[in-house]
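> Compute the structure for the input listed below.
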Amino acid sequence: LLYVCYFLFGARAAAGSGTQPGSARAGLLAAGGMTAAGLALAACFAAVDLLPLLDLTRHAPAVGSLATLGPTYWSTGWYDFLTMVLSQPLGSLGMAKYHLYPTYPGTMPYVASLYLGPPVLTLAAVGLARSTWKERWFWLGCCLVALLVSAGQFGGIVPLLARLSPDFLVFRFPVKITVFLLFGLCACAAEGWRAASMGGGRETVLSFFRGVWLAVSILGIVLLTLPGPSYVGLLTWFGFPSADELVGDRYRLFPIDLLVAGLSGQLICLLSMRHTANQFSLVPRRVLILLVTAGLLMMNGARHLWRTVDSSFWDVGSEVAQWLRFKAGQDMSEFRVLSLLPDPPLAPLAVANLSEEELDPSFMQYLRCILKPNSSMDFGIQLSNGVSTIPSWIPYFITTGPLARSTLTPQVKHPAGKSDLPLQKWCQSSATRFVITSIREAAPDGTARELPPLDSALFKLVREDPALNIRIFEVPSPRPRWSLVRQARKVKDGDSALMIINRCDTTGYDPNREVLIRDPHWQADEPAARAPAEAGEGSPGFVRLVLQANERLVFNVENAAPAYLVVADSFDPGWEARDNGVPTRVYLADGLMRAVRLDPGTHEVVFSYKPRSLFWGEVISKSTLLLIAGIMIATALWRRLR
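Next up, the predicted model:
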């Protein structure tokens, strides 16, 4: 969308500037050519991401709607938004939270953070003040639109889009759109840097910013002379969090931060003024501006970014993880845990009643304790909705398939009727031994409502903890994470397999007796496609895991009859398999997993992840990077020679 807007802006400018016949057409072609070239370079540079993503999408199950994932919402308050967009040029005051939640959208030190804000904003203003810069209105418009979109509910645009197309809005945090706001500021700052290094910026703009940064410096000096409680009280008087909530060193270095911001802004203004052009030659002044900006970037990293992870945060373990280990009595890598906790989860009363300063770390520790969102990796737990190949389409299937029929979603109607049987069969097929659900969840009106438990005839309730707001159910007879299955039912594609699982109350699907195998040569009139054969007598053999890594699995298998080795991990076209050194086909099993067919005998089966899309994506991306560097060097040399 940004490229399309850029092309329209360039085409309008070209059409309006033509004075000779055919010049407007030539300008239009030039604008289109440059936009297409930029888009092509960007797409090629991103090939390392795009090609694997397209490959995964091509093999993904059909999802009727993404609306079940929840609409776009703005999850925090007006203060967080103003902190992110307006006060970030002077730094976020909640910097002490960096070490607790590195991805919290309101506290990450982006380009317009405390130390980088002065040079970026000053140079951006210099760039926008250049009347000869034709693109200034385009980038200013980008900044304004990004500002409105990132405001979420408060900007007016996101609610309108939510009404027009709910499925389109899959981003949970509109505030992350501020990256486009900061991108626009960077583009304006680049033009300002070019103007300042070539001949100085506009004196009126720079004089105004000199006054602003002088005031910031004076404020920093004044706060340094005041005792801590005094300036904290002053900030409270201006509407910031009260002194009772300011624990630790949250504002301790704030005066020094203001002083650094003010002095750096003053220095950038001095280097950008015309009367300093005679004091420096062209190259040294450019170098000085870049050195100041780079030095502030390093200070920003040393001051804040290195603290993104505080080791003390990980000292508290997960009581739920320890309990699951003890209850399972087997290695955590041999089974899965399905977390059906809502997002965001409801804070338990023990956490919700804490003070604001204690709430954030306590809630984060609570999430780690209940293994959400990704803390299962810290404890070696395999989640049913998180697998070795990322991204996984399993969450979409759970949301739009078994969960839609489950009694856990009483507000959702389903044409096949409500039943927990599909969820049980899916858990059995995916080696899921435990299911975690909430006791209470947040209702649309903001209150808490009770959630019904899973069907006791299909799931065994093994723990109910109101303090943690969780129920843990045990799945009866789950299929091992790697197992031999003798009977196979052929299906046309992955979607057909998922439909059979979701309608298991009528299709008779049983993961402990059969596996659903996608066969490209499947014909609808084949008897095997409609019903499985009778199960053979006795066990088909045994499987022993020899090696387990993210991109490699090795098994020793001995089977007395033909069988499928089923691995309850996500299928991906990049997975290859060898049976005793001979390449063999990897089948799509049960709609989302993978399997290989083995004849009777002894086998060493090796799974390896070698996606061609990733290989060619790396080749294209790195080649494009070299091409872009060559274009930049050639352009600089051509301008100098001209």
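
> can you tell me which residues contact residue 11?
27, 28, 31, 32 (Cβ atoms under 8 Å, 6 or more residues apart in numbering). (Each C-beta comes from the backbone N, C-alpha and C, glycine too.)

> What of residue 146?
177, 178, 180, 181, 184.

> Write a PyMOL command that selects only the buried members of the contacts of residue 11.
To isolate the buried ones among those in PyMOL, judged by 16 or more other Cβ atoms under 10 Å, type:
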select buried, resi 27+28+31
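
> For the stretch 201-350 of the chain, just list every one of the strands.
Using DSSP state E, counting those that start in this stretch, the strands of the stretch 201-350 of the chain run over residues 336-339.

> on that earlier part again, name the nearest of the contacts of residue 11 relative to residue 566.
Nearest to residue 566 among the contacts of residue 11, counting by Cβ to Cβ, is residue 32 at 52.2 Å.

> The stretch 451-600 of the chain: helices as residue ranges?
494-502, 504-507 (DSSP state H, counting those that start in this stretch).

> host element of residue 365?
Applying DSSP states H and E as the criterion places residue 365 in helix 356-369.

> okay, residue 157: pLDDT?
On pLDDT, residue 157 comes in at 76.

> The one 4 residues further on too?
You'll see residue 161 listed with a pLDDT of 74.

> number of nearby residues for it?
Residue 161 is flanked by 15 other residues according to other Cβ atoms under 10 Å.

> All further residue positions should be reported with the first residue as 5.
Yep, numbering from 5; the last one is residue 165 now.

> mind listing what's buried in the strand or helix carrying it?
Here residue 165 sits within helix 161-168, counting by DSSP H and E. By neighbour count on 16+ other Cβ under 10 Å, the buried set for helix 161-168 is 161, 162, 163.

> same for that helix, what does it pack against?
The criterion is 3 or more Cβ pairs under 8 Å, 6 or more residues apart in numbering; DSSP states H and E, and the helices and strands that helix 161-168 contacts are helix 140-154.

> relative orientation of the helix it packs on and helix 161-168 in degrees?
Relative orientation of helix 140-154 and helix 161-168, computed by axes from the mean of the first three to the mean of the last three Cα atoms, to 10 degrees: 70 degrees.

> Keeping just the C-alphas, turn helix 140-154 into CSV.
C-alpha atoms of helix 140-154 as CSV (Å, rounded to 0.1, in the frame of the first residue of the first chain):
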residue,chain,number,x,y,z
ARG,A,140,7.9,16.1,1.9
TRP,A,141,4.1,16.1,1.8
PHE,A,142,4.0,12.4,1.0
TRP,A,143,6.1,11.5,4.0
LEU,A,144,4.3,13.9,6.2
GLY,A,145,1.0,12.3,5.1
CYS,A,146,2.5,8.8,5.9
CYS,A,147,3.4,10.0,9.4
LEU,A,148,-0.1,11.4,10.0
VAL,A,149,-1.9,8.3,8.7
ALA,A,150,0.3,6.0,10.7
LEU,A,151,-0.3,8.1,13.8
LEU,A,152,-4.1,7.7,13.4
VAL,A,153,-4.0,3.9,12.7
SER,A,154,-1.6,3.3,15.6
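
> and that helix, how far out from the chain's middle?
Relative to the centre of its chain, helix 140-154 is centred 23 Å away, using Cα atoms, centre = their mean, to the nearest Å.

> Ranking helices and strands of the chain by mean pLDDT, which lands last?
The weakest-scoring helix or strand in the chain, judged by mean pLDDT, DSSP states H and E, is helix 82-89 (a mean of 51).

> re the thing from before, go through the helices of the stretch 455-604 of the chain and pick out the most buried.
Per residue and on average, the most neighbours among the helices of the stretch 455-604 of the chain fall to helix 498-506, with a mean of 21 (mean count of other Cβ atoms under 10 Å).

> Next, count neighbours for residue 464.
The number of residues packed near residue 464 is 12, by other Cβ under 10 Å.

> quick one: contacts for it?
By Cβ under 8 Å, 6+ apart, the contact list for residue 464 reads 477, 478, 480.

> top of these by neighbour count?
For those, neighbours tallied by other Cβ under 10 Å; top is residue 477, 26 neighbours.

> Tell me what it is bridged to.
residue 439, residue 465 (DSSP bridges).

> Would you confirm that it contacts residue 466?
Yes. The pair residue 477 / residue 466 is scored as a contact, 6.7 Å apart, by Cβ atoms under 8 Å.

> Mutual contacts of those two, please.
Common contacts of residue 477 and residue 466 (Cβ under 8 Å, 6+ apart): residue 438.

> re the thing from before, so which bits of whatever helix or strand comes next after the helix holding residue 165 are buried?
Later in the chain than helix 161-168, the nearest helix or strand by DSSP H and E is helix 182-202. By 16+ other Cβ under 10 Å, the buried positions in helix 182-202 come out as 182, 184-189, 191-193, 195-201.

> same check, this time on stretch 264-284
264-273, 275-277, 281.

> Dump it to CSV, restricted to CA.
Presented in CSV, the C-alpha positions along stretch 264-284 are these (Å, rounded to 0.1, in the frame of the first residue of the first chain):
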residue,chain,number,x,y,z
VAL,A,264,21.8,14.5,27.4
ALA,A,265,18.8,15.0,25.1
GLY,A,266,18.9,18.8,25.3
LEU,A,267,22.7,19.0,24.7
SER,A,268,22.6,16.6,21.8
GLY,A,269,19.8,18.5,20.2
GLN,A,270,21.7,21.7,20.6
LEU,A,271,24.8,20.2,19.0
ILE,A,272,22.8,18.9,16.0
CYS,A,273,21.2,22.4,15.5
LEU,A,274,24.7,24.0,15.5
LEU,A,275,26.1,21.5,13.0
SER,A,276,23.1,22.1,10.7
MET,A,277,23.2,25.9,10.6
ARG,A,278,24.5,27.8,7.6
HIS,A,279,27.0,29.9,9.5
THR,A,280,28.8,26.7,10.5
ALA,A,281,29.3,25.7,6.9
ASN,A,282,32.5,27.8,6.8
GLN,A,283,33.8,26.1,9.9
PHE,A,284,33.8,22.6,8.4
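
> Thank you kindly, that will do.
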